[in-house]
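Engineer: Sequence below, structure please.
(2 chains)
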Amino acid sequence: MKKPCTPRALYLRKKRNGKIKVLCLQVAVLAVFLGAWEFLTQVRLVDAFFVSSPSRILIKLGQLFRQDFMPHIGITLLECILGFVISTIAGFLAAVALWWSDTLRRVLDPYIVVLNSLPKIALGPIIIIWVGAGMKSIIMMTFLICIVVTVISMLQSFLACDKNKVFLMQSMGASKLQIFYKLVLPNAVPELISVLKINIGLAWVGTIMGEYIMSSAGLGHLIIYGGQVFQIDLVMASIVVLCVLAGLMYFLIARLEKFFRKRRGGSLQ
Amino acid sequence: MDDILTIENVGLTYQSAAHETEALRDISLRVKEGEFVAIVGPSGCGKTTVLSLAAGLLKPTAGSIRLGGKEITGTSGEVGYMLQSDNLFAWRTILQNVTLGLEVQKKNTPENIEYAKQLLQKYGLGDFIKAHPRQLSGGMRQRAALIRTLAFRPKLLLLDEPFSALDFQTRLSVCDDVYAIIREEKKTALLVTHDISEAVSLADRIVVLSARPATVKRIYTLDIDRPTPLKRREDPAFSGWFDKVWKEVGA
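Structural biologist: Prediction:
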């Protein structure tokens, strides 16, 4: 096989090789970590009862999937997705309203600041009393944890719009609605996607926290239960599944970002 | 010829928490159809304010201002505003950017979009219709910004330091381009600039404003009969006019 050696071909090969190298190293890091973990527990330098081990986690996962693991995963996933979607939509609408009305924004500003610094977990007991322990209250918790940050970040991304561009649209005779959907909204897309990325993380925090304090099913429940009965394998297996789910959801949002980038000719900015 | 823009005894006083600022006092100015008028003055004197008034973005606190005989009461979409930065929207293609005004004014008929395309073609952007602003040079972007203001056929073009963000070399050539386009399309233009040589090379008339509160100090009618701004800069009369205006601005 003849190797092309134009500068372009060299550059492309170098770039591809660089990519492969990074991927190999990434796999290597994981392999070394898991290998060391397994080795240390096998030779009993550390006690697998306290730290579990990759093989024990795999065995536990096998067991769990043969039993009733799927409903637990399903419940947690549903709570997380519903909490995420509801808080994102509600947060978006609230941010639009606050962008629209200066008065509303000025009136609500101090309340938003206070709500933002309040640890939402403190509202746990109130949520239980008002909506009862269970799925609804966990979605509520997720919603509360996500909503304030969503409103604040989305509003900021709307307000960050270049004044000159607003000016330009006004001079064309654009209405406020037109300024919003032709300028402010598309201009904010990169920030909106970052908000989604942050939110997906927060939604998991909300769901698992909620399950810790008020549930009888779900991955958060399994983790707390596993901790209480000293089944580290169960805790670890649940965490592994959580990692996979959170990674998948992040991946979906990254795809969304790619879609927008493509539509905009290669760049989001 | 008819007046496109009539500014009569206009005054403008800004209110702020700390104090009252009188920006403009008793400004009178007429811009005839097809004319190219430049406004110069010391920095911060309120040159841009005059454009904001003409665009209907601000209301005068005294006097009246009319566009095509009609009192300006707010933004109407009858003026095309061109600013220092091109303000092209990064997420739109060049054609989508250029037809923004048509879209906003719900005049995006096939004929009008065809007209916008023709303008792009005519002024060397035909190959970039589907490109995004990032892919264009500074000069091309500024040309696209001008075509965006022309596409919805405004009565009057307002140019607010449209070349000052460009490097000197580009500035001279874009200046030539813009001038040629405005003349070719027989547009009326009101330019604000702090660059006196730019004003002398472009304008039929130059309005010199005083420091704040700005009043009309003097209006010069230029008589350099040359076809392009660059040719004007080469004309022997150019430096004479430059000196006159420069001294008047500084005095």
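Engineer: which residues does the residue of the stretch 51-200 of chain B found nearest chain A contact?
Structural biologist: In the stretch 51-200 of chain B, the residue found nearest to chain A is B:G77; the distance is 2.9 Å by CB to the nearest CB. Using the backbone N, CA and C atoms, a C-beta is placed for each residue, glycine as well. B:G77 makes contact with A:171-173, B:101, B:104-105, B:152, B:154, according to CB atoms under 8 Å, 6 or more residues apart in numbering or on different chains.
Engineer: Give me the phi and psi for residue 119.
Structural biologist: Going with chain A. A:P119 adopts backbone torsions of phi -70, psi 110, taken as degrees, to the nearest 10.
Engineer: From chain B, how far off is it?
Structural biologist: 37 Å (CB to the nearest CB, to the nearest Å).
Engineer: Give the burial count for A:R56, as a bare number.
Structural biologist: 18 (other CB atoms under 10 Å in any protein chain shown).
Engineer: hang on, the earlier thing: give the closest residue to the residue of the stretch 51-200 of chain B closest to chain A in space, chain neighbours not counted.
Structural biologist: Distance criterion CB to CB, 6 or more residues apart in numbering or on different chains; nearest residue to B:G77, sequence neighbours excluded, is A:G173 at 2.9 Å.
Engineer: for A:G201, same thing?
Structural biologist: A:A246 (7.4 Å).
Engineer: Repeat that for B:W246.
Structural biologist: B:I196 (5.2 Å).
Engineer: What number of residues are in the vicinity of the one you found?
Structural biologist: 21.
Engineer: same thing with A:D162?
Structural biologist: Neighbour count of A:D162, defined by other CB under 10 Å: 14.
Engineer: what's the spacing between it and B:N87?
Structural biologist: Distance of A:D162 to B:N87, computed by CB to CB, to the nearest Å: 7 Å.
Engineer: quick one: low-confidence parts of the chain?
Structural biologist: Picking chain A for this. Within chain A, the segments meeting pLDDT under 70 span A:1-4, A:265-269.
Engineer: Actually, chain B is the one I wanted.
Structural biologist: B:1, B:251.
Engineer: Enumerate the residues of it near chain A.
Structural biologist: B:55-57, B:75-81, B:83-85, B:87, B:89-91, B:93, B:100-101, B:103-105, B:131-132, B:134-135, B:152, B:158 (CB under 8 Å from any CB of the partner chain).
Engineer: how about the nearest residue to residue 245, chain neighbours excluded?
Structural biologist: Unless you meant another one, I'm taking chain A. Nearest residue to A:L245 in three dimensions, chain neighbours excluded: A:L77, at 6.2 Å (CB to CB, 6+ apart).
Engineer: that answer is for a different chain, and I need it for chain B
Structural biologist: In space, and not counting its chain neighbours, B:V245 is closest to B:I196: 5.2 Å by CB to CB, 6+ apart.
Engineer: Same check on B:S197?
Structural biologist: Using CB to CB, 6+ apart, the nearest residue to B:S197 is B:F242, at 5.9 Å.
Engineer: Could you verify my assumption that the one you found touches B:I196?
Structural biologist: Yes. Counting by CB atoms under 8 Å, B:F242 does reach B:I196; the two are 6.0 Å apart.
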